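>>> Sequence and predicted structure are below.
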2 protein chains.
Amino acid sequence: MTTAKRDTYTPETLLSVAVRVFNERGYDGTSMEHLSKAAGISKSSIYHHVSGKEELLRRAVSRALDGLFGILDEPGAGRGKAVEQVEYVTRRTVEVLIAELPYVTLLLRVRGNTATERWAMERRREFDHKVADLLKAAAAEGDLRADVDIRLATRLLFGMINSLVEWYRPHPDAAEREQLAETVVHLAFDGLRTAR
Amino acid sequence: MTTAKRDTYTPETLLSVAVRVFNERGYDGTSMEHLSKAAGISKSSIYHHVSGKEELLRRAVSRALDGLFGILDEPGAGRGKAVEQVEYVTRRTVEVLIAELPYVTLLLRVRGNTATERWAMERRREFDHKVADLLKAAAAEGDLRADVDIRLATRLLFGMINSLVEWYRPHPDAAEREQLAETVVHLAFDGLRTAR
């Protein structure tokens, strides 16, 4: 029975179960026993696929990080004025967050008790710094308000984007997802208010 | 010894210890034993002040909620155009969040397993709705961009404001705190970008 079930498991499906359990119980609060029960396979079957829960964490946050860093290599992130690039990266960050919601949720919740968690936090900060650099460049080109501190603006921008993992529920309508990304860009760069 | 310590304890100091422990361990993960150790007094001494940990939670989130709802009664929240009122409320929400940081942090983290938690979440939603109503009024007066969904804007605005509990560290400089509140208002209502 266990053998039959194990054969139907792929590293990919095991990963999606693990991410769900990590998000529900917290990474620290998740044991191999919990993963085994949630996946419906024995612990030894899990060890057949991965070395342990830290490897599952690493794979899960890597998927989120690959999605985010991939944005920076897209043509829209390197073309035109810096302000256009940073608007593009903001829009795509929202889209990646929605597309990889459980993985990005996990990434945003890791707190640094293991080497993998610290590595994930470090990579996440690296991404934030890349966006801060784009904001700095946009300010230097005169396209951002001079009275806003860039470090603070970066934190507020990511605060707004990352809050999505708390309230966003997957929506089947692609137009709705696009609308969400557009609204974030509008709010952050043009503000809610009509021109004064 | 225990008696002497108990005498120096006030409900106020016990509350501040409890809030720290709740924020560190989570409300669910905190026992009376943890509170007793953190406060350095016996459990029976704690019961001298309060009926249990749920009363401490209720007092703590009440302090945050009183701070937030108090804003709505201030003259600035009822004077002038709706857009000015909502800008005022946004600025003051940031200031209250900073002034009552551990209490608001706890309020934002409660998840609804007990009656007190569900009550706190309900009151928090009520506050969000009041702000959404102001945003709607501002849109009706033509002062908000017509292409932004108000429900979504409210969530993103609070997403940005509430993210402060994750990264803000108390700053002794009042000017710095004011600057932070101003930046949130500027970003949300005017956007980061200079006029196109």
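Great, that's in hand.

>>> Flag every buried residue along stretch A:61-68.
A:61, A:62, A:63, A:64, A:65, A:67, A:68 (16 or more other Cβ atoms under 10 Å in any protein chain shown). All C-beta spots, glycine's among them, are computed from the backbone N, C-alpha and C.

>>> Skip the chain neighbours and tell me the closest residue to the first one.
The spatial neighbour of residue A:61 that comes closest, neighbours along the chain excluded (Cβ to Cβ, 6 or more residues apart in numbering or on different chains), is residue A:120 at 4.3 Å.

>>> what helix or strand is the one you found on?
helix A:115-140 (DSSP states H and E).

>>> Could I get the average pLDDT for that helix?
Average pLDDT, helix A:115-140: 96.

>>> one step back: count of neighbours near the residue nearest to residue A:61?
For residue A:120, the tally of surrounding residues (other Cβ atoms under 10 Å in any protein chain shown) stands at 25.

>>> any idea how far chain B is from it?
Taking Cβ to the nearest Cβ, to the nearest Å as the measure, residue A:120 and chain B are separated by 16 Å.

>>> Just give me the residue closest to the centre of chain A.
Centroid check for chain A by Cα atoms, centre = their mean gives residue A:104 as the closest residue, at 2.9 Å.

>>> show me what contacts that one?
Applying Cβ atoms under 8 Å, 6 or more residues apart in numbering or on different chains to residue A:104 gives the contacts A:64, A:67, A:68, A:96, A:97, A:165.

>>> per-domain residue ranges of chain A.
Using automatic domain parsing, the domain parsing of chain A gives A:2-50, A:62-190.

>>> Let me have these in a markdown table, adding distance to residue B:177 as columns.
Formatted as a markdown table, the domains of chain A follow (distance: least, Cβ to Cβ, whole Å):
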| stretch | distance to residue B:177 |
| --- | --- |
| domain A:2-50 | 32 |
| domain A:62-190 | 12 |
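
>>> Any buried residues in stretch A:97-110, and which?
A:97, A:98, A:100, A:101, A:102, A:103, A:104, A:105, A:106, A:107, A:108, A:110.

>>> Which single one of the residues you listed is nearest to chain B?
residue A:108 (9.3 Å; Cβ to the nearest Cβ).

>>> so which strand or helix has the closest one?
Going by DSSP H and E, residue A:108 is in helix A:101-109.

>>> For chain A, which segments are assigned as strands?
Counting by DSSP state E, chain A has no strands to list.

>>> Give me every residue in it lying close to chain B.
A:83, A:135, A:142-145, A:147-149, A:152-153, A:155-164, A:166-167, A:179-180, A:183-184, A:186-196 (Cβ under 8 Å from any Cβ of the partner chain).
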